[in-house]
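Chemist: this one's structure only:
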Ligand code: SF4
Ligand code: SF4
């Protein structure tokens, strides 16, 4: 049987792609090449490949990455959550994130090097400052709802 990280993480990537976290920080003594020239890397992580949800430096990934297990990974490990249920939750979170991504891009917040929540916050601030025109308000409402739903799902089912 493949390890659970293969079964779940290779269909997920939420802790690497800027959805769960805004950055990766070096811990004391961390020798990962990710921190060769800086102690903190903004997500989406440059070592992450979105196409196949892999890490280019997996064997040398940071301590923080080795230590983090989301609730789905923990729960399937202990048997409290079935693999099928975990995969459904991962797929649901990814659908929300994709919907948010699409709306942010349509609204002009298309800096793919920034984490999702930062882009959303910029969009919110622009809306509050009256910088979005009326034709964008329906999309903004859909975006806000999707972000709320994603945050609820992440808080309940993913953060460790
Ligand atoms: S959020 Fe969980 S299932 Fe997804 S890649 Fe990270 S540890 Fe794996
Ligand atoms: S170093 Fe690898 S495991 Fe860590 S956030 Fe980047 S892609 Fe993910």
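Modeler: Received it, and whenever you're ready, just let me know what you need. Small disclaimer: the values here were computed from a predicted structure and weren't measured. Residues are numbered from 1 along each chain as shown. Ligands and ions are numbered 1, 2, ... in the order given.
Chemist: Surely residue 65 is within a strand?
Modeler: No. Residue 65 is assigned helix when assessed by DSSP: H, G, I helix; E, B strand; the rest coil, not a strand.
Chemist: Up against ligand 2, what does this structure have?
Modeler: Residues of the chain lying near ligand 2 by C-beta under 6 Å from any ligand atom: 16, 24, 34, 45, 47-48, 55, 57, 61-62, 65. In this view, the C-beta of every residue, glycine as well, is placed from N, C-alpha and C.
Chemist: Beyond the lowest-mean-pLDDT helix or strand in the chain, next helix or strand please.
Modeler: Each helix and strand of the chain was given a mean pLDDT (mean pLDDT, DSSP states H and E); the minimum falls on helix 4 at a mean of 91. Sequence order places strand 23-25 as the next helix or strand after helix 4, per DSSP states H and E.
Chemist: Return the list of strands paired to that next one, each annotated with direction.
Modeler: Strand 23-25 has its sheet partners listed here by DSSP bridges as strand 40-42 (antiparallel).
Chemist: buried set for the strand it pairs with?
Modeler: Within strand 40-42, the residues scored as buried using 16 or more other C-beta atoms under 10 Å are 41-42.
Chemist: avg pLDDT for that strand?
Modeler: The average pLDDT for strand 40-42 rounds to 98.
Chemist: and what of stretch 121-141?
Modeler: 96.
Chemist: Kindly report the same for stretch 152-160.
Modeler: 95.
Chemist: and what of stretch 93-101?
Modeler: 98.
Chemist: Off-centre distance for that stretch?
Modeler: 10 Å (C-alpha atoms, centre = their mean, to the nearest Å).
Chemist: Any buried residues in that stretch, and which?
Modeler: Buried residues in stretch 93-101, counted by 16+ other C-beta under 10 Å: 93-94, 96-97, 99-101.
Chemist: ok, so of these, who is nearest ligand 1?
Modeler: Proximity of the buried residues of stretch 93-101 to ligand 1 (C-beta to the nearest ligand atom) peaks at residue 93, which lies at 8.3 Å.
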